[in-house]
Each structure stands twice: as structure tokens, then as C-alpha cells.
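Chemist: no sequence for this one, just the structure:
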């Protein structure tokens, strides 16, 4: 019998799928917290100072997490 995967595990798995693309550009991403459908992440490396990181966050990370993990409503980044 398969066990249910927690929402946090699903988010972590989705971030692992996204991570290689972010690392190709010299950055990285880490899950900081998950509460009420809001995923908080921290961007590192070149992503931390990149002016395009808000676009990557919304059109990339948030879109993929919403597609893959039911109940995700928003992804926010904290400052390094």
C-alpha cells in the first residue's frame, strides 16, 4: 500500500525538478516554509541579485508548483 506524500514533500520534489535550470544560471533555491498554501523560498547565487528573479519566481517556480501541488496559492521569496 502506497503512503500519501505530504504537501511539503510534493513541494520539495517540484523544487528538485526546477533546481537544475536555476543552477544553470548560477543560482539556487531553498524551501524555507509552507503555510496556508503559501510557499516561502530563498534564492541564492546570481538569483539573489538578478533583476529577473521576480519573473522567474512568478512565471517559473510559482507556475510549476501550482501545477504539481494542489493547494499552492502563492510563492514568495525572502531576502538573503
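Modeler: Ah, there it is. Remember, predicted model here, so these are calculated numbers, not experimental data.
Chemist: hmm, which helix or strand of the protein has the shakiest average pLDDT?
Modeler: Least confident helix or strand of the chain, by mean pLDDT, DSSP states H and E, is helix 46-49 with a mean of 78.
Chemist: following the longest helix along the chain, which helix or strand comes up?
Modeler: Ranked by residue count and defined by DSSP state H, the top helix of the chain is helix 7-24. Later in the chain than helix 7-24, the nearest helix or strand by DSSP states H and E is strand 27-35.
Chemist: which residues are in contact with the least confident helix or strand of the chain?
Modeler: Helix 46-49 has contacts (CB atoms under 8 Å, 6 or more residues apart in numbering) with 22, 25, 26, 27, 28, 29, 53, 56, 80. No exception for glycine: its C-beta is placed from N, CA and C like everyone else's.
Chemist: Quick check: buried residues in it?
Modeler: residue 47 (16 or more other CB atoms under 10 Å).
Chemist: which stretches of the chain aren't confidently modelled?
Modeler: 1-4, 80 (pLDDT under 70).
Chemist: give me that answer again for 90
Modeler: 1-5, 21-22, 25, 27, 43-60, 77-80 (pLDDT under 90).
Chemist: which is the next helix or strand following the least confident helix or strand of the chain?
Modeler: Next in sequence after helix 46-49, counting helices and strands by DSSP H and E, comes helix 53-55.
Chemist: how close does the nearest residue to residue 25 once chain neighbours are set aside get to residue 40?
Modeler: Excluding its sequence neighbours, the residue lying closest to residue 25 (CB to CB, 6 or more residues apart in numbering) is residue 46, at 5.9 Å. Distance of residue 46 to residue 40, given as CB to CB, to the nearest Å: 20 Å.
Chemist: same question, residue 78
Modeler: 6 Å.
Chemist: just residue 58 next, same as before
Modeler: For residue 58 relative to residue 40 (CB to CB), the value is 14 Å.
Chemist: what about those two, which has more around it?
Modeler: residue 40 (15 against 12; other CB atoms under 10 Å).
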